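Trainee: I would like the atomic coordinates for the input below:
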Amino acid sequence: MKRELISELYKAPESFCDREITVCGWVRSLRDSKAFAFATINDGSCFPCLQVVLERDRIGNYDELVKMNVGAAISVKGKIILTPDAKQPFELSAIEVKEEGASSPDYPLQKKRHTVEYLREIPHLRPRTNLFSAVFRIRSEAAYAIHSFFNENNFIYVHTPIFTTSDCEGAGEMFRVTTLDVNDPPRTEEGAVDYSKDFFGKEVSLTVSGQMEGETLAMAYGRIYTFGPTFRAEYSFTARHAAEFWMIEPEFAFADLNDDMQLAWDMLQYVVRYVMKTCEKDIEFLNNFVDKGLKERLTKLVESEYRKVTYTEAVEILKASGESFKYPVEWGCDLQTEHERYLTEKHFNAPVFVTDYPKEIKAFSMRCNDDGKTVAAMDLLVPGVGEIIGGSQREERIDILLERMQECGLEVENYNRYLDLRRFGGAEHAGFGLGFERLIMYLTGVSNIRDAIPYPRTTGNCY
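Mentor: Residues are numbered from 1 along each chain as shown. I've put the predicted structure just below:
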């Protein structure tokens, strides 16, 4: 059937007044007044619902329809009636209504407020709620905006492997992938699992990052980005960590740390500005019911400039703050969320780039600074979240890179292809990683990563 989306009706309702149209959706509420019934439906195309008016004298199956349960799927043929003096700007006067799919009285999403904890137990139904309808629509628009930004800036979209033999600089515990019989795997003479008999002939895991493969492609195309799933097998029950999440990772040649920071900032502003424009009603709802400072925070980000501070300066600020942090601050420690939020929300009251971290707490591939103690790394911290983007200028000098690999105890022969990028036409280059779910948390105000992805995979949970 040819049907109109509710989102299209809201754009120009007057253009639909002179003809019959068909609209489909799921019933959110139904109220019978004997001669009239009022059904509120939503089709997922936008946040606002559509009110459908049913008249007993016009609808032959009126008595059957008013017995429908919340959650039923219906199709409605009718005409748009403008109602400028009412709460809704227009309504659909029904001529014909068909129940496409019945619902039952035990439908889990009755017309009342449900806790997010309860809704996590029914992830297959929670997108029909106001909260998750808004969050996942924003997720879709943010993904589109990311692709648009990089396309407009002449970045090539590449797909890096999901199966990998590299842990990308020790980024985290990895999920192993195998076709071997886990109850009785083949073994070597020493008693270890013989992965030479496995599907790939070696030990393979799910990727934690596409950075290394991205760097190789950047040395051919100049500007590339990845946007795909990554995996961490870390036992974590925090509100900020998931076992499966999506990452945006650009890499670009002939670029230094300042270029990297500017790209990260331009991208973040672009995405926030785009989502504020295309998801205005969703953000308005989230601002009213989830995070009352959301609109103000997002508006401030797109209208402001970032601040910049070195790690060393940040540590001095934190030590002089007089705050009682759960994790004490000393030079050489990794900054925690409480430190990051103090810097952005209390000291600077603005987004902040922290640069030049101690090399001991950063990856071997980050470019060493002249002081011999720090590397050309950066983290972008934003109010309400803390770190949202992390990146660096990569080490292009093969002799220094080899020294760092030896300091970190890495097997050099395992990184020959990575070293080839420095042997054959190497160039200054940089890149960063943005966890997509962290971005969605920032854009929506939801405080738990489990609520930023439709089917969260976390410790002890794989629905």
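
Trainee: residue boundaries of the strands in the stretch 1-150 of the chain?
Mentor: For the stretch 1-150 of the chain, applying DSSP state E, counting those that start in this stretch gives strands covering 21-32, 36-42, 50-55, 73-82, 90-101.

Trainee: Serialize those strands to CSV and add fields for mean pLDDT.
Mentor: Output for those, formatted as CSV (pLDDT from 0 to 100):
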stretch, mean pLDDT
strand 21-32, 97
strand 36-42, 96
strand 50-55, 97
strand 73-82, 97
strand 90-101, 97
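
Trainee: Run a quick neighbour tally on residue 175.
Mentor: Applying other CB atoms under 10 Å, we find 13 residues neighbouring residue 175. For every residue, glycine as well, the C-beta is placed using N, CA and C.

Trainee: Looks like it contacts residue 231 (just checking).
Mentor: Yes - assessed by CB atoms under 8 Å, residue 175 is found in contact with residue 231 at 5.3 Å.

Trainee: what is in contact with those two at once?
Mentor: The contact sets of residue 175 and residue 231 overlap at 206, 243 (CB atoms under 8 Å, 6 or more residues apart in numbering).

Trainee: which residues of the protein score low on pLDDT?
Mentor: Of all residues in the chain, those with pLDDT under 70 make up the ranges 167-172.

Trainee: After the helix or strand hosting residue 267, which helix or strand is next? Please name it.
Mentor: For residue 267, the element it lies in under DSSP states H and E is helix 257-278. Counting by DSSP H and E, the next helix or strand C-terminal to helix 257-278 is helix 280-289.

Trainee: Go through that following helix and flag the buried ones.
Mentor: Buried residues in helix 280-289, counted by 16 or more other CB atoms under 10 Å: 282-283, 285-287.

Trainee: Output those as CSV; include the columns distance to residue 61.
Mentor: Formatted as CSV, the buried residues of helix 280-289 follow (distance: CB to CB, whole Å):
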residue, distance to residue 61
282, 34
283, 39
285, 34
286, 38
287, 41
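
Trainee: My guess is residue 48 contacts residue 5. True?
Mentor: No - using CB under 8 Å, residue 48 makes no contact with residue 5, being 11.8 Å away.

Trainee: before we move on, back to that, which residues does the helix holding residue 267 contact?
Mentor: 138, 141-142, 144-146, 148-150, 153, 250, 252, 255, 283, 298-299, 301-302, 306, 308, 351, 353, 355, 367, 376-378, 380, 382, 388-389, 391-393, 430-432, 434, 439, 443.

Trainee: which parts of that helix are buried?
Mentor: Residues of helix 257-278 classed as buried: 257, 260-261, 263-265, 267-276, 278 (neighbour count, 16+ other CB under 10 Å).

Trainee: What spatial separation is found between residue 177 and residue 453?
Mentor: Using CB to CB, to the nearest Å, residue 177 is found at 21 Å from residue 453.

Trainee: ditto for residue 62
Mentor: Distance of residue 62 to residue 453, computed by CB to CB: 42 Å.

Trainee: Tell me who's in contact with residue 302.
Mentor: Listed by CB under 8 Å, 6+ apart, the contact partners of residue 302 are 269, 272-273, 276.

Trainee: what about residue 118, neighbour count?
Mentor: For residue 118, using other CB under 10 Å, the count is 11.

Trainee: quick one, what contacts the closest residue to residue 195 other than its chain neighbours?
Mentor: Distance criterion CB to CB, 6 or more residues apart in numbering; nearest residue to residue 195, sequence neighbours excluded, is residue 203 at 4.5 Å. Taking CB under 8 Å, 6+ apart, we find residue 203 in contact with 165, 176, 195.

Trainee: Only the buried subset of the residues you listed, as a PyMOL command please.
Mentor: A single PyMOL command is used to select the members of those judged buried by 16+ other CB under 10 Å:
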select buried, resi 195
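
Trainee: Same list (the contacts of residue 203) but as JSON lines, adding distance to residue 10 and secondary structure.
Mentor: Below are the contacts of residue 203 laid out as JSON lines (distance: CB to CB, whole Å; DSSP: H, G, I helix; E, B strand; the rest coil):
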{"residue": "165", "distance to residue 10": "51", "secondary structure": "coil"}
{"residue": "176", "distance to residue 10": "49", "secondary structure": "strand"}
{"residue": "195", "distance to residue 10": "57", "secondary structure": "helix"}
